[in-house]
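Enquirer: Sharing a model prediction with you, sequence too.
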Amino acid sequence: MVQPCFGEGDPWQSLRALKRGLGFVFIQNDHTCRYGELKEVNNTDVSIKANQGDVLVPKADLVRVRSGFGGRSVANDNPNLPLFTLYSGRSSWADVLAFAHFESTGHPYSTVNFSLRTKDGRLHKGFLSKVTAEEITLTDKVGTAATFPKEEIDQVDYIREKPLSDTQEFYWEELGMGVIFDPQLYPRLFHFGDTMPVTLYQSTLPEENSAVTCK
């Protein structure tokens with residue numbers, strides 16, 4: 001469960017790794033939400049193809065990117081919203097706490113994976129067992145649980161599957177064993193480079209815990 005951590009994580013790199021042409025929801029600091037296809041990501045901004053044309057959103061103004069669901073709206077109080085997160089442009093323990101609904105004690109057959117780096121430079125991975133305002137507990141594959149006080153944590157990442165296109169997500173849900181005949185689904189089927197980290201908290205950045213909603 002414990003291993004050395006080599007190098008600092010950069011949340012923006014996860015966003016740059018998303019497949020171009022897929023549709024996502026981009027949320028800005030003023031709670032403006034835009035659905036559009038990802039066109040390009042550079043060091044300072046992100047370009048999206050929206051209904052009203054191409055839009056450039058500065059990195060400093062992008063607080064959240066989440067799954068797009070083909071442009072269908074998702075209520076701000078939907079309890080599953082944390083699972084849809086693909087990028088967070090802030091450091092927030094509240095965003096970590098939002099996953100409390102998915103602790104393994106409440107969902108024993110469906111676990112949510114996390115990784116965290118402690119301030120001694122070590123990386124810890126496991127599924128979320130419990131999270132509070134003061135600490136987080138992860139359990140590894142052999143069932144060993146470890147609890148980490150917030151003050152000892154440097155960074156917390158939610159580990160999720162890379163998004164597919166809306167059509168591919170439909171096939172993934174509906175084809176059952178038939179997914180073996182669709183090579184585009186092989187990365188998720190065989191777990192070959194199919195996950196990505198979403199950084200939620202970094203102790204070196206100012207903490208921002210206000211709600212991220214669409215107006």
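Expert: Arrived safely.
Enquirer: Need the three-state assignment for residue 82.
Expert: Put simply, residue 82 is helix when judged by DSSP: H, G, I helix; E, B strand; the rest coil.
Enquirer: what sits against it?
Expert: Going by C-beta atoms under 8 Å, 6 or more residues apart in numbering, residue 82 touches 95, 98-99, 101-102, 158. Backbone N, C-alpha and C define where each C-beta goes, glycine included.
Enquirer: Is it possible to mark the buried ones in the residues you listed?
Expert: Neighbour counting by 16 or more other C-beta atoms under 10 Å classes 95, 98-99, 102, 158 among these as buried.
Enquirer: re earlier: any idea which of the contacts of residue 82 is closest to residue 195?
Expert: When the contacts of residue 82 are compared for distance to residue 195 (C-beta to C-beta), residue 158 wins out at 10.3 Å.
Enquirer: Touching, the closest one and residue 92? I think so.
Expert: No - counting by C-beta atoms under 8 Å, residue 158 stays clear of residue 92, with 11.7 Å between them.
Enquirer: what ranges do the helices span in this protein?
Expert: Applying DSSP state H to the chain gives helices spanning 11-16, 93-97, 166-174, 186-189.
Enquirer: Let's see which of the buried ones among the contacts of residue 82 end up in strands.
Expert: If you go by DSSP state E, the buried ones among the contacts of residue 82 have residue 158 in strands.
Enquirer: just the buried ones among the contacts of residue 82: which has the poorest pLDDT?
Expert: Lowest pLDDT of the buried ones among the contacts of residue 82: residue 102, 92.
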